[in-house]
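Participant: Would you be able to build a 3D model of this:
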Amino acid sequence: MTGLRVPPGAKHPGQQAAPELGQQAAQRPGPPAEAPDERPAAAGRSPFGTAGWLRWAWRQLTSMRTALILLFLLAVASVPGSVLPQQGIDPQSVQQYYVSHPSLAPLLARLSLFNVFAAPWFAAIYLLLFLSLAGCVVPRTFRLARSARALPPPAPRNLARLPQSARHETGLAPGEALDAAAALLSARRFRLRTGDGWLSAEKGYRREVGNLLFHLALLGLLGAVALGGLFGYKADRLLVAGSSFANTVTALDEFHPGRAVSAADLQPFSITLNRFTASYVTSGALRGQPSAFHAYISYSAEPGSPVRPYDLRVNHPLNVDGVKVFLIGHGYAPVFKVTDGTGQVVFNQAVPFIAVQQTGLTSEGVVKVPDASPQQLGFAGVFLPSAVDVGGQLESVFPAPDNPRVSLVAYAGNLGENTGPSQSVYQLNTAGLRKLPIAPRPLAPGQSMKLPDGDGTLTFTGYQQWVSLAITYDPGTLPALIAGMAALAGLLLSFFVRRRRMFVRAYPGADGATVVDVAGLVRTDAGGGFEEEFDGLAEAVRSAHDGHGVTAPAAALAGTDNPARTDPEGE
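Facilitator: Got it, this is the predicted structure:
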């Protein structure tokens, strides 16, 4: 590109303004000397203060992406609670897991994987999810509420541009035609908005109501779970046939209260196990599998109230005073009578043994006799309901008590119950004990084992059955059910209700008749069907007029212009 040539001696036009600009710049007061040093410092300063970072963190926490991530983490965190036995639900299975995996079980216990839903890390995920959903749902609730109350938008200028449109002529005046269309659409429960020469109608606001209901129900569901965690409790009780217990903290084997539950909040019912029966499959591939469990109990809702019988079965819990009592396990409690070296009967009761093998219900347990004299006695043994010699070793081949046998190892010395930490009734501390030199042999009911050195005699007199009961009180169950049903109803409304709009314009035509344009628009129509609905509505609008004219297809309106239309409303 060539530039302009300037004659010799002549000045370039730009040279005339340069001195004046230079003088103006020289006369203009300059910034202070320290300003150049201050500007870089201000530019390097972070625009985020404490409030800014807090707002940013809140926006990140309440974003839908974060809520979905936390929901996924909550689902993943719930997996161990479904795969591993839980202390508050099935403590017997937890004990069996310790026996089967002696090195892995303590590690899992340190990670709270045997009590997942009460673990601190699970509570942290749950609380973050609750905050995230609350911060996401509450503002969205107001937006959806405003959207549900909003009027339809004005009708577009050119209705032919919409996906569904039609045209017909009528002998009615434009205003009368719009009134007739408004009466028809109002009778079809459309929300109306009118203007100069146009009518706008919308239907399907229940979709927004469903969306709003779903979000509120989801928040209510989390609140119901929190309600159960605060004011509910779970407990376990092992009950031998013929014995009773009252629902007090001291009478329960395991007690897991909510954050706001105290010992005085427990319902004062009592339960007695009268009898337990178990039936098993006796032949075929399913031999040994349970077929029916029946725990015949009697209970009283409170002291002094009538005693009522109940057949407690699996999946048929007892509901008393808002508390549910479930039958979750059973086993055998051999009955032992111990006579010490002085000839006194110092022990005569049933001792629950915990099953370590489900096929034949082989069970392990300990007997502690702290009142024996001249020294305390302890026994660790195995109970086999149906004992059979397999290769020189006794095994239980069937869970029913067809051939009950018990084999014990005897100890004498100091049980250590008066010193050190508390001991489990299912474990024997042999630190202060010595093993007695007597070979263990299987005892049938009625047989005895004489201890050496005049320490006494142990007699296996028979056995009782015991049941394991899970006691659950959850005040959030009913609110959770209501919230779940509301969430389902909201989803159904969101999926099956279409939000659709109808637009009508009426204006004088060239031949003196009134031209009526009808168009429809659907916002969501994943399942289809709006085309048929629009055709029916367009025909109904035409019929509501004087019946003259033929509905024209949308293609016939494409590219047309209406010079008589002067409505200032735009699209």
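Participant: For my notes, confirm R59 occurs in a helix.
Facilitator: Yes. Secondary structure of R59 (DSSP: H, G, I helix; E, B strand; the rest coil): part of a helix.
Participant: can you count the residues close to it?
Facilitator: 11 (other CB atoms under 10 Å). Where you see a C-beta, it was placed from the backbone N, CA and C, and this is true even at glycine.
Participant: list the contacts for it?
Facilitator: Shown in contact with R59 (CB atoms under 8 Å, 6 or more residues apart in numbering): no residues.
Participant: how near is it to G52?
Facilitator: For R59, the distance to G52 (CB to CB, to the nearest Å) stands at 11 Å.
Participant: same thing with R500?
Facilitator: The separation that R500 has from G52, given CB to CB, amounts to 43 Å.
Participant: Between the two, which is the more surrounded one?
Facilitator: Applying other CB under 10 Å to R500 and G52 shows that R500 carries more neighbours, namely 22 against 11.
Participant: I'd say the more buried one and K203 touch.
Facilitator: Yes. Counting by CB atoms under 8 Å, K203 is a contact partner of R500 at 5.9 Å.
Participant: Low-confidence stretches in the protein?
Facilitator: Along the chain, the parts satisfying pLDDT under 70 run over 1-48, 88-89, 92, 420, 524-528, 546-571.
Participant: Let me see the ranges of the helices in the stretch 101-250 of the chain.
Facilitator: Assigned by DSSP state H, counting those that start in this stretch, the helices in the stretch 101-250 of the chain fall at 104-110, 120-149, 174-187, 206-231.
Participant: what's the longest one packed up against?
Facilitator: This points to helix 120-149. If contacts are counted by 3 or more CB pairs under 8 Å, 6 or more residues apart in numbering; DSSP states H and E, helix 120-149 sits against helix 50-61, helix 64-83, helix 206-231.
Participant: Between helix 64-83 and that helix, find me the angle.
Facilitator: 130 degrees (axes from the mean of the first three to the mean of the last three CA atoms, to 10 degrees).
Participant: Tell me who's in contact with the nearest residue to L111 once chain neighbours are set aside.
Facilitator: Spatial nearest neighbour of L111, excluding adjacent residues (CB to CB, 6 or more residues apart in numbering): A119 at 7.9 Å. Contact analysis of A119 by CB under 8 Å, 6+ apart lists 111-113.
Participant: Let's see that with 10 Å instead.
Facilitator: 77, 80-81, 111-113, 125 (CB atoms under 10 Å, 6 or more residues apart in numbering).
Participant: Over to A201?
Facilitator: Here A201 is in contact with 152, 155, 181-182, 184-186, 188-194, 500-504, 520, 537 (CB under 10 Å, 6+ apart).
Participant: out of those, which are buried?
Facilitator: 152, 155, 181-182, 184-185, 190-194, 500-504, 520, 537 (16 or more other CB atoms under 10 Å).
Participant: Tell me which of those fall in strands.
Facilitator: 191-194, 500-504, 520 (DSSP state E).
Participant: Identify the farthest-apart pair in these.
Facilitator: T194 and R500 (18.2 Å; CB to CB).
Participant: I'd like to know the beta-bridge partner residues of the closest residue to M502 other than its chain neighbours.
Facilitator: Excluding the flanking residues, the one nearest M502 by CB to CB, 6+ apart is A201, at 4.4 Å. For A201, the beta-bridge partners under DSSP bridges are L192, M502.
Participant: Offset the numbering so it begins at 18, please.
Facilitator: All set: I'll call the first residue 18, so the last point we hit is now A218.
Participant: for the helix or strand hosting V426, packing partners?
Facilitator: Using DSSP states H and E, V426 sits in strand 422-430. Contact partners of strand 422-430 among helices and strands, from 3 or more CB pairs under 10 Å, 6 or more residues apart in numbering; DSSP states H and E: strand 340-357, strand 379-386, strand 393-401, strand 404-407, strand 410-413, strand 450-452, strand 465-468, strand 473-490.
Participant: swap the cut-off to 7 Å and go again
Facilitator: In this structure, strand 422-430 makes packing contacts with strand 393-401, strand 450-452, judged by 3 or more CB pairs under 7 Å, 6 or more residues apart in numbering; DSSP states H and E.
Participant: what's in contact with that strand?
Facilitator: Contacts of strand 422-430 with the rest of the structure, by CB atoms under 7 Å, 6 or more residues apart in numbering, involve 351, 392-401, 404, 411, 447, 449-453, 455, 457-461, 466, 468, 472, 475, 477.
Participant: F147 versus G240, what's the distance?
Facilitator: 8 Å.
Participant: List the backbone torsions phi and psi for the closest residue to L125 other than its chain neighbours.
Facilitator: Leaving out its chain neighbours, the residue that sits closest to L125 by CB to CB, 6+ apart is F131, at 6.2 Å. Main-chain dihedrals, F131, degrees, to the nearest 10: phi -90, psi 0.
Participant: So which bits of stretch 467-474 are buried?
Facilitator: 468, 472-473.
Participant: now that stretch, how far from the chain's geometric center?
Facilitator: 58 Å (CA atoms, centre = their mean, to the nearest Å).
Participant: Kindly export that stretch (C-alpha atoms) in CSV.
Facilitator: What follows is stretch 467-474, C-alpha atoms only, in CSV (Å, rounded to 0.1, in the frame of the first residue of the first chain):
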residue,chain,number,x,y,z
LYS,A,467,-14.6,-85.1,86.8
LEU,A,468,-11.8,-82.5,87.3
PRO,A,469,-8.4,-83.6,88.6
ASP,A,470,-6.9,-82.7,92.0
GLY,A,471,-10.3,-82.6,93.6
ASP,A,472,-11.4,-79.4,91.9
GLY,A,473,-14.9,-80.6,91.3
THR,A,474,-17.3,-81.9,88.6
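Participant: and the ones in strands among the buried ones among the contacts of A218 as TSV, adding distance to P108?
Facilitator: Below are these laid out as TSV (distance: CB to CB, whole Å):
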residue	distance to P108
R208	59
L209	65
R210	65
T211	71
R517	58
R518	61
M519	64
F520	68
V521	71
G537	64
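Participant: Closest one to V337 out of those, please.
Facilitator: R208 (51.8 Å).
Participant: That closest one touches P169, doesn't it?
Facilitator: Yes. Contact status for R208 versus P169: in contact at 6.1 Å, counting by CB atoms under 7 Å.
Participant: so what sits against both of those two?
Facilitator: In contact with both R208 and P169: 218-219, using CB under 7 Å, 6+ apart.
Participant: Next, give phi and psi for P402.
Facilitator: P402 has phi and psi values of phi -60, psi -40 when expressed as degrees, to the nearest 10.
Participant: swap in P169?
Facilitator: The phi/psi pair for P169 (degrees, to the nearest 10) is phi -60, psi 160.
Participant: In contact with it, which residues?
Facilitator: 208, 210, 217-219, 518.
Participant: same thing but at 8 Å, please
Facilitator: Per CB under 8 Å, 6+ apart, neighbours of P169: 208-210, 217-219, 518.
Participant: Between those residues, which sits nearest P525?
Facilitator: S217 (20.4 Å).
Participant: Surely the closest one touches F520?
Facilitator: Yes. Proximity of S217 to F520 meets the contact threshold set by CB under 8 Å, at 5.6 Å.
Participant: who touches both of those two?
Facilitator: Contacts common to S217 and F520, judged by CB under 8 Å, 6+ apart, are A172.
Participant: where's M502 relative to E186, distance?
Facilitator: 51 Å.
Participant: same thing with F272?
Facilitator: 82 Å.
Participant: Distance to P387 added to the helices of the stretch 118-267 of the chain, as TSV?
Facilitator: Below are these laid out as TSV (distance: least, CB to CB, whole Å):
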stretch	distance to P387
helix 121-127	28
helix 137-166	38
helix 191-204	87
helix 223-248	40
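Participant: what's the closest of these to V533?
Facilitator: Across the helices of the stretch 118-267 of the chain, V533 has its closest neighbour in helix 191-204 (5.4 Å, CB to CB).
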